[in-house]
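Asks: please find the sequence and the predicted model below.
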Amino acid sequence: MHQSSDKSIIQKAEQSRAVAPWNYNPSAWSQRVPVCILAFFATLVASHLAAFQWGLIDYVWDPVFGGQSAKVIGSDIAKKMDAWIGVPDAALGAIAYLGDAIFGLAGSTRRWQDRPWIVILFGIDVIPLGIVSVILVLIQTFVLGEWCFLCLITATISIALIYLAYDEVYSSLLYLWKVWRASGSKREVWITLCGFPTESAIRVGREMLEPKSPTSSEGT
């Protein structure tokens with residue numbers, strides 16, 4: 001019983017170890033939970049905007065700019081984007097934010113090493129789509145000369161998500177690059193990416209771990 005408890009404590013301490021070049025573990029729950037909370041909130045906000053664009057509701061909540069929000073997301077630009085993409089841009093944003101939250105919850109606190117594919121998909125969902133979301137909001141707002149309060153909220157969240165997620169994505173990409181440098185084999189990199197590290201990949205992962213546990217509260 002004591003052996004099992006000691007093993008669990010050792011495993012938790014091992015998973016909370018800092019990962020170079022950071023002085024913390026970018027896959028720790030303390031890093032990922034804020035991402036998930038913000039992403040879920042943005043999903044709800046974007047869903048409200050999408051409901052207006054779909055005609056399911058006839059108003060957009062905006063305590064600051066009033067009726068300007070309806071003009072922005074119901075504009076000709078938004079309608080053209082709907083025609084090009086096939087779905088309202090707000091609905092696409094809601095799907096992306098929901099994906100951010102789901103990918104944020106997936107995997108352990110060592111997923112930067114154990115499941116790099118999850119982290120990279122997480123990064124693809126957060127970073128490029130976040131940038132696109134901000135650009136779309138800026139285009140709609142400044143081209144039309146109208147302001148949409150909820151659009152600005154989701155754009156701010158997109159920037160925050162990029163800031164919170166980039167370190168973990170960087171660690172996984174750095175890990176895969178080091179595996180390639182160590183092995184010189186694309187196959188080993190691919191296997192490691194899929195979550196089946198070779199001996200050299202395991203050695204590289206150990207080298208990226210800081211020798212001591214972080215002194216801060218970063219953990220599982």
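Replies: Everything's here; your move.

Asks: only C-alpha atoms from now on, for both contacts and neighbour counts.
Replies: Fine.

Asks: host element of residue 44?
Replies: helix 29-53 (DSSP states H and E).

Asks: kindly apply the preceding question to residue 126 instead.
Replies: For residue 126, the host element (DSSP H and E) is helix 116-144.

Asks: pretty sure residue 31 sits against residue 164.
Replies: Yes. Between residue 31 and residue 164 there is a contact at 7.2 Å, judged by C-alpha atoms under 8 Å.

Asks: the more surrounded of those two?
Replies: residue 31 (21 against 16; other C-alpha atoms under 10 Å).

Asks: buried residues, the helix or strand that contains residue 206. List them.
Replies: Under DSSP H and E, the secondary-structure element containing residue 206 is helix 199-208. Of the residues in helix 199-208, 200, 201, 204, 205, 208 count as buried by neighbour count, 16 or more other C-alpha atoms under 10 Å.

Asks: C-terminal to the longest helix seen in the chain, which secondary structure element comes first?
Replies: As assigned by DSSP state H, the longest helix anywhere in the chain is helix 149-183. Sequence order places helix 186-193 as the next helix or strand after helix 149-183, per DSSP H and E.

Asks: follow-up on the earlier one: tell me the buried residues in the helix holding residue 44?
Replies: Neighbour counts over helix 29-53 (16+ other C-alpha under 10 Å) mark 29, 31-32, 34-36, 38-43, 45-53 as buried.

Asks: give the burial count for residue 87, as a bare number.
Replies: 15.

Asks: helix, strand, or coil at it?
Replies: Secondary structure state of residue 87, per DSSP: H, G, I helix; E, B strand; the rest coil, is coil.

Asks: what mean pLDDT does the helix holding residue 206 get?
Replies: Taken as a whole, helix 199-208 carries a mean pLDDT of 88.

Asks: having no further points to raise, I will conclude here.
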